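Asks: Here is the input, now give the coordinates:
(one chain, ligands or ions: 1)
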Amino acid sequence: PPELAARAAYVIRGNSAGAMTRAAPDLYPHQWSWDAAFVAVGLAHVDVVRACRELDSLFAGQWRTGMIPHIVFDPSEEGYFPGPDRWASAELTDDAPRSPRTSGICQPPVHALAVERIAEIAAAHGGPAAAHVERWLPGAYDRLLAWHRYLVRERDPQGRGLLTIYHGWESGMDNSPRWDPVYAHVVVGDDLPPYARRDTAVVADASQRPEPAEYDRYLWLVEQLKRARYDDARVRPHAEFLTTDVFASAAFAVANEALASLARRLGRPEHDELLGAAERFRRGVLDARDEASGGLALDVDLVTGDHIRVETIAGFAPLISGGLDTAAERALLALLRSPRWTGHPALRHPVLPTTSPSSPEFRPRAYWRGPSWPVMNWFLAWMLNRRGAKDVAGSLRAAALAELSDGSFAEYYEPVTGEPLGSLDQSWSAAATLDLVL
Ligand code: DGY
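Replies: Numbering: from 1, shown residues only. This is a model prediction of the structure:
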């Protein structure tokens, strides 16, 4: 482990582009929103000041609405598609900053959790690190409050307690099979501007990436959002892709709790507002549980009104947000450890794959359709620890570490063979390693 941590720190440093860390050296040469939150946690173990800068760089891309965009582009880097010209956010709305340039959608709101964890790590280090974070927290708090208020206002206007997303990319789990039914009614028009993909140029084995027809839909939705000038009020009524996201909602519930604690600590008046939001989204996730699916939380396709019955990692959302009674919590933890999931006999390590290996949708090499993502195992373990489920958290941590111990810091792994897939030296895989080891 000490050598593994040293190598992880080296990888994160190597991916640094000044104030931001590239999500991956070639595949993702810009700053991604939830990647940055997790990367900052890893960085906090080695350099707290740099961890705060990481988030400041992301906050610099925050929109006037409060939205934190899913990509903040590094101006010195031209190689990504879709890049800032394709998103054209600043050209289409005054809500987007002119500089830095950004995408026009968001990602799961894990940032307040990251800030809470960074403060914890800094406090454990003590000295100037802790003092630096103390000075930094009030400014970070203001950014996070605006972000959370945006999500409550624009992404849950009906008060369901569930966040709504406009694009699979917003879930961070781009091609998860839970979005298949939602994409099924997205019809790509013949005026989709031509494009050349970047991901399949970097990752030679196309079977590890979304398929061409899927990618066309991703790009088509971007054109639709542009047509609405990224204005939430104009997007919602006509969106071709509109669904709840139970995973993001669960993270948001806990993030509100973390931000409420921060409000108290800083003597800010929003404590009750934030706890109220935590309660609302916790309830939303609990209400999304499906008995027939063993207590997994299911999303609702908001275009058709249908429940999406697919066994993915997102179904465990109630273990993140909490609020289950003891029996229900035990049952869901038992499902997680059962042969349908981490206890599946074919798995190389008892990791939580993105789709149940027992489900017909499981595809062990295809991005979010089955591979195990170390960062997700680590995040779940972190959230379970927060809830007091130390046993299961401990085994997820050990399994994630066993997977990462090959030192490739792959984006995701084939869960049966343990083969590293996607981009190597992925920043958030290295960050998760640092938080697991140190
Ligand atoms: C993108 O291209 O922005 C996606 O988020 C990559 O996963």
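
Asks: the strands in this protein, which residues?
Replies: Chain-ordered strands for the chain, with DSSP state E as the definition, fall at 31-32, 71-72, 164-165, 243-244, 289-290, 296-297, 299-300, 307-308, 412-413, 420-421.

Asks: Need the ones you listed in CSV (columns: mean pLDDT, distance to the ligand and mean neighbour count).
Replies: For glycine as for every other residue, the C-beta is placed from the backbone atoms N, C-alpha and C. What follows is the strands of the chain, written out as CSV (pLDDT from 0 to 100; distance: least, C-beta to the nearest ligand atom, whole Å; neighbours: other C-beta atoms under 10 Å):
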stretch, mean pLDDT, distance to the ligand, mean neighbour count
strand 31-32, 98, 6, 27
strand 71-72, 98, 6, 28
strand 164-165, 98, 12, 26
strand 243-244, 98, 16, 27
strand 289-290, 98, 28, 16
strand 296-297, 98, 23, 26
strand 299-300, 98, 19, 24
strand 307-308, 98, 20, 20
strand 412-413, 98, 11, 28
strand 420-421, 98, 14, 24
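
Asks: Among the ones you listed, which comes closest to residue 131?
Replies: Taking C-beta to C-beta as the criterion, strand 31-32 is the member of those that comes nearest to residue 131, at 26.2 Å.

Asks: Direction included, what does that closest one pair against?
Replies: The pairing partners recorded for strand 31-32 under DSSP bridges are strand 71-72 (antiparallel).

Asks: quick one on the thing from earlier: for the strands of the chain, could you give me TSV that also reports distance to residue 369?
Replies: Written out in TSV, the entries for the strands of the chain read as follows (distance: least, C-beta to C-beta, whole Å):
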stretch	distance to residue 369
strand 31-32	20
strand 71-72	23
strand 164-165	18
strand 243-244	17
strand 289-290	20
strand 296-297	17
strand 299-300	16
strand 307-308	14
strand 412-413	10
strand 420-421	12
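
Asks: Residues of the stretch 1-150 of the chain that sit close to the ligand?
Replies: Along the stretch 1-150 of the chain, the residues adjacent to the ligand under the rule C-beta under 6 Å from any ligand atom are 70, 71.

Asks: Any regions of the stretch 1-150 of the chain where pLDDT drops low?
Replies: Judged by pLDDT under 70, the stretch 1-150 of the chain has no weakly predicted residues.

Asks: Surely residue 337 touches residue 394?
Replies: No: taking C-beta atoms under 8 Å as the contact criterion, residue 337 and residue 394 are not neighbours in contact, 11.8 Å apart.

Asks: So between the two, which is more surrounded?
Replies: The residue with more neighbours, out of residue 337 and residue 394, is residue 337; 16 against 13, by other C-beta atoms under 10 Å.

Asks: Could you tell me which residues make contact with the more buried one?
Replies: With contacts defined as C-beta atoms under 8 Å, 6 or more residues apart in numbering, residue 337 is in contact with 343, 350, 392, 395.

Asks: any idea how far the first one lies from residue 379?
Replies: Yep, that's residue 343 we're talking about. Counting by C-beta to C-beta, to the nearest Å, the gap from residue 343 to residue 379 is 20 Å.

Asks: So if I had to pick from these two, which one is more boxed in?
Replies: For the pair residue 343 and residue 379, the greater number of neighbours falls to residue 379 (26 against 14), based on other C-beta under 10 Å.

Asks: wait, what's in contact with the more buried one?
Replies: Under the criterion of C-beta under 8 Å, 6+ apart, the contact partners of residue 379 comprise 38, 110, 432.

Asks: Where does pLDDT dip in the stretch 151-300 of the chain?
Replies: The stretch 151-300 of the chain contains no residues with pLDDT under 70.

Asks: And the residue of the stretch 301-438 of the chain that's closest to the ligand?
Replies: Of all residues in the stretch 301-438 of the chain, the one sitting closest to the ligand is residue 367 (8.4 Å; C-beta to the nearest ligand atom).

Asks: what's the closest non-adjacent residue to that residue?
Replies: By the measure of C-beta to C-beta, 6 or more residues apart in numbering, the closest residue to residue 367 outside its immediate chain neighbours is residue 175, 5.2 Å from it.

Asks: Next, give phi and psi for that neighbour.
Replies: With angles defined as degrees, to the nearest 10, residue 175 sits at phi -110, psi 30.

Asks: so it sits right up against residue 370, yeah?
Replies: No: because the distance of 10.5 Å does not satisfy C-beta under 8 Å, residue 175 is recorded as not touching residue 370.

Asks: who's in contact with the closest residue to the ligand within the chain?
Replies: Per C-beta to the nearest ligand atom, residue 169 is where the chain lies closest to the ligand, at 4.3 Å. Residues near residue 169 by C-beta under 8 Å, 6+ apart: 70, 105, 107, 218.
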